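>>> For reference, the sequence and a predicted model appear below.
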Amino acid sequence: MTDDKVYSGAFWEHLIDNAIENGLPEKWQKSIFDGEQPMADRFVELLPEGARVLDFGCGLGRNALPLARLGFAVVACDVAEAGPRFTRERAGEEGLEVEVAACGGDSVDLPDRSVDGILAWSVLDHITLADATGNSSEFARIAKPGALLLVSIDEDKSKDPESVAEVLPDGTHRYTGGKREGMLFRPYTNEELLGLFGDGWERVVFEGKDATVHRRGLFRRAE
């Protein structure tokens with residue numbers, strides 16, 4: 001488990017609890033599966049019918065619910081436990097089923113070779129490099145041969161004047177003031193992100209020019 005000093009679970013718990021109580025911000029309702037993100041559309045197109053898909057870092061279900069509506073068997077997990085619970089409740093209101101799995105630090109509570117797809121959208125950049133490396137190993141463990149992985153890293157916000165951060169030895173920014181106080185963010189180079197999914201993963205498509213844009217990749221687990 002990650003040392004509490006470099007773990008941002010409390011930040012996300014507070015953020016999600018506040019959103020549930022006061023209403024979901026518009027940006028938390030907008031899904032990547034709305035037809036405006038070609039890489040997300042490709043992910044859906046390549047998944048087998050009825051595929052079991054892990055939404056890693058599901059938040060309040062903005063992507064898990066659309067995947068469930070498409071007929072996929074969705075597993076939701078998040079470091080903030082309120083998120084998956086809320087997602088499952090919302091799914092139930094629509095007559096959908098969403099499974100909840102525990103995850104935290106660098107582990108995912110799922111069996112080996114048990115999922116056909118993994119979504120990690122704007123998640124791995126909010127943990128330390130050690131935990132991101134650990135989770136990349138977990139993804140390899142739980143992915144079936146041929147499984148798909150869709151991953152995204154946010155643009156670098158480390159110079160945002162509204163946030164104050166200290167930089168940890170691995171390059172992770174831990175915010176100590178401003179609106180992101182308590183959050184972790186680690187900027188990545190293309191090489192670093194691709195390095196997380198090197199051995200055993202085949203690159204389908206990758207986007208990313210520099211740290212001022214999102215980096216996005218679609219990978220397939222080697223057969």
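Looks like it arrived, so ask away.
>>> who's in contact with Gly178?
Gly178 is in contact with Asp160, Glu162, Ser163, Val164, counting by C-beta atoms under 8 Å, 6 or more residues apart in numbering. For glycine as for every other residue, the C-beta is placed from the backbone atoms N, C-alpha and C.
>>> so the third one touches Gly177, yeah?
This points to Ser163. Yes - using C-beta atoms under 8 Å, Ser163 is in contact with Gly177, at 7.1 Å.
>>> ok, these two, which is more surrounded?
Ser163 (18 against 12; other C-beta atoms under 10 Å).
>>> least trustworthy helix or strand in the chain by mean pLDDT?
Using mean pLDDT, DSSP states H and E, helix 26-29 stands out as the lowest-scoring helix or strand of the chain, at a mean of 73.
>>> quick one: the helices in this structure?
9-22, 26-29, 38-46, 64-69, 82-93, 129-142, 190-196 (DSSP state H).
>>> give the contact list for the residue nearest to the spatial centre of the chain.
Central residue of the chain (C-alpha atoms, centre = their mean): Ala120, 2.9 Å from the mean position. Taking C-beta under 8 Å, 6+ apart, we find Ala120 in contact with Phe56, Gly57, Asn135, Phe139, Leu149, Leu150, Val151, Ser152.
>>> and these as JSON lines, adding neighbour count, pLDDT and distance to Lys27?
Output for the contacts of Ala120, formatted as JSON lines (neighbours: other C-beta atoms under 10 Å; pLDDT from 0 to 100; distance: C-beta to C-beta, whole Å):
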{"residue": "Phe56", "neighbour count": "26", "pLDDT": "97", "distance to Lys27": "19"}
{"residue": "Gly57", "neighbour count": "23", "pLDDT": "94", "distance to Lys27": "15"}
{"residue": "Asn135", "neighbour count": "23", "pLDDT": "94", "distance to Lys27": "24"}
{"residue": "Phe139", "neighbour count": "25", "pLDDT": "97", "distance to Lys27": "26"}
{"residue": "Leu149", "neighbour count": "24", "pLDDT": "98", "distance to Lys27": "24"}
{"residue": "Leu150", "neighbour count": "26", "pLDDT": "98", "distance to Lys27": "19"}
{"residue": "Val151", "neighbour count": "26", "pLDDT": "96", "distance to Lys27": "19"}
{"residue": "Ser152", "neighbour count": "23", "pLDDT": "94", "distance to Lys27": "14"}
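>>> Would you mark the buried spots in stretch 120-136?
Within stretch 120-136, the residues that count as buried by 16 or more other C-beta atoms under 10 Å are 120-121, 123-129, 131-136.
>>> Report all helices and strands that the strand ranked longest in the chain contacts.
When the chain is parsed with DSSP state E, its longest strand is strand 143-153. Judged by 3 or more C-beta pairs under 8 Å, 6 or more residues apart in numbering; DSSP states H and E, the packing partners of strand 143-153 are helix 38-46, strand 115-121, strand 215-221.
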